[in-house]
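Student: Here's my sequence, what's the structure:
(one chain, ligands or ions: 1)
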Amino acid sequence: MTRLLRLRKYTLSPAALDGSLPQVHRAHCTTCGTTGRDAADSDAATTWPHEHVRDRPAHLEYTEDITRPYQLIPGQWR
Ligand SMILES: [Zn+2]
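Tutor: Sure thing, here's the model as predicted:
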């Protein structure tokens with residue numbers, strides 16, 4: 001049995017096609033693990049810690065989680 005294998009080069013790129021998943025930003029409290037609302041950018045995501053700390057004054061440290069979709073773009077066959 002003979003099998004022919006073809007190799008193809010792909011480029012990994014941030015997804016920008018219509019229908020691609022959006023990039024999502026979200027603040028994360030490192031004290032209790034609660035996360036804020038999904039937001040379209042960092043500015044919107046970082047308003048949530050100000051709301052969260054009002055009832056939890058000891059929760060002072062946060063991270064920003066970013067979900068960034070990527071896509072593989074097919075290139076030339078080798
Ligand atoms: Zn918290």
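
Student: partners of residue 29 in the sheet?
Tutor: residue 62 (DSSP bridges).

Student: what about it, how many neighbours?
Tutor: 19 (other C-beta atoms under 10 Å). (Glycine included, C-beta is placed from N, CA and C.)

Student: Surely it and residue 59 touch.
Tutor: Yes - the pair residue 29 / residue 59 is scored as a contact, 5.2 Å apart, by C-beta atoms under 8 Å.

Student: From the ion, how far out is the spatially most central residue of the chain?
Tutor: The structure's the chain has its C-alpha centroid closest to residue 67; by C-alpha atoms, centre = their mean the separation is 0.6 Å. Using C-beta to the ion, to the nearest Å, residue 67 is found at 20 Å from the ion.

Student: residues in contact with that residue?
Tutor: 21, 23-24, 26 (C-beta atoms under 8 Å, 6 or more residues apart in numbering).

Student: List the buried residues for stretch 32-46?
Tutor: Judged by neighbour count using 16 or more other C-beta atoms under 10 Å, the buried positions of stretch 32-46 are 35-36, 39, 45-46.

Student: give me the element residue 66 is part of.
Tutor: strand 62-67 (DSSP states H and E).

Student: Could you identify the helix or strand that succeeds that strand?
Tutor: Heading C-terminal from strand 62-67 (DSSP H and E), you reach strand 70-77.

Student: No more questions from me, cheers.
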